[in-house]
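Novice: Return atomic coordinates for the entry below.
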Amino acid sequence: MGMAKRNPILAGFGRNVRSRREAKDLTQEKLAEMADLDRTFISDVERGGRNLSLLNIQRIAKALGTSISELTYGLGG
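Specialist: Alright, predicted model coming up:
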């Protein structure tokens, strides 16, 4: 089963979300609940499989108690 190559920006964002979620000892389900998103959406984000809207990035940042800039740190461009 071949998977499409992940975009490095989306993959990096997903790693940043996962890292902050785990540092706060949150499950994907709990983060999804706090951000008013579906757990499968959070899973897709963390795997780099979602191109998020700015509003959803803001929801995740707020639920993690961080800023959009922190979640996008190191992604370059």
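
Novice: count of residues packed around residue 6?
Specialist: 13 (other C-beta atoms under 10 Å). Any C-beta I mention is one placed from the backbone N, CA and C, and that applies to glycine too.

Novice: do the same with residue 38
Specialist: Neighbours around residue 38, by other C-beta under 10 Å: 13.

Novice: Secondary structure element holding the closest residue to residue 50 other than its chain neighbours?
Specialist: Excluding its sequence neighbours, the residue lying closest to residue 50 (C-beta to C-beta, 6 or more residues apart in numbering) is residue 44, at 4.4 Å. Residue 44 is part of helix 39-46, with elements assigned from DSSP states H and E.

Novice: Run the chain-centre distance for that helix.
Specialist: Remark: helix 39-46 is offset 7 Å from the chain centroid, using C-alpha atoms, centre = their mean, to the nearest Å.

Novice: and the very next helix or strand once past that helix, what other elements does it pack with?
Specialist: Per DSSP H and E, helix 39-46 leads on to helix 54-64 as the next helix or strand towards the C-terminus. Here helix 54-64 touches helix 8-23, helix 28-35, helix 39-46, helix 68-71, going by 3 or more C-beta pairs under 8 Å, 6 or more residues apart in numbering; DSSP states H and E.

Novice: Tell me what angle helix 54-64 forms with helix 8-23.
Specialist: Inter-element angle recorded for helix 54-64 and helix 8-23: 20 degrees (by axes from the mean of the first three to the mean of the last three C-alpha atoms, to 10 degrees).
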